[in-house]
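In: sequence plus predicted model, see below.
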Amino acid sequence: MQLDEAKEKLIQTFGALGTSWGVTRTMAQVHALLLLSEDALSAEEVMDSLQISRGNANQNIRSLIDWGLVRRECKVGERREFFVAEKDMWRVAIQIIQERRKRELAPILQALQEIKNVSGVGDEEEKQRFIETAEKLNHIIGQADNFLDFVVKSEKNLLISTLMRLIPKK
């Protein structure tokens, strides 16, 4: 497989998996394109490469900037903005973990805290089942959040060496 063909396949695969990751297909493709690019790209270059509209390119680049995965870069003598993706995959993973915690875990943990004290008239048995379910959810989601917090705060080498010790050898 030629390099250009391999890059295109990776970009398309990122796009296909994007919705599973909680982002749009195009956002994942733009991220993959910028990850694979040695040089910073302009919005026009992103548009041309992915065959998307200016608005779509700009919106997805802004989203990637909001996620902390892409940054603006200026080039001397150029009026256009250029964009470059973080290339350190550990930093990319940590940034994605932080954003997903903020967008997905924090709201459910907040909601579980708000519904902790159920009151009012009603079936006591049903109320008790509801409370138990909410507590179990809070426990498991809280543990996941604590683990992700540990990962975010860990040094790359420490975490990887710790995880490797946990994996049984064949």
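Out: Received the coordinates, thanks. Note that the coordinates shown come from a computational prediction; the quantities given were computed from them, not determined experimentally.

In: against residue 5, how distant is residue 122?
Out: 62 Å (C-beta to C-beta, to the nearest Å). All C-beta atoms are positioned from the backbone trio N, CA, C, and that covers glycine.

In: repeat that for residue 37.
Out: Using C-beta to C-beta, residue 37 is found at 16 Å from residue 5.

In: same check on residue 123?
Out: Computed as C-beta to C-beta, the residue 123 to residue 5 distance reads 62 Å.

In: I'd like the next helix or strand past the helix or strand harbouring residue 95.
Out: Element membership for residue 95, per DSSP states H and E: helix 89-100. Downstream of helix 89-100, the next assigned helix or strand under DSSP H and E is helix 106-114.

In: for that next one, which positions count as buried?
Out: Residues of helix 106-114 classed as buried: 109, 112 (neighbour count, 16 or more other C-beta atoms under 10 Å).

In: could you number the chain from 17 rather than 1 from now on?
Out: All right, first residue 17 from here; so that's helix 122-130.

In: what's next to it, contact-wise?
Out: Contact with helix 122-130 is made by 150, 153-154, 157-158, 161, as judged by C-beta atoms under 8 Å, 6 or more residues apart in numbering.
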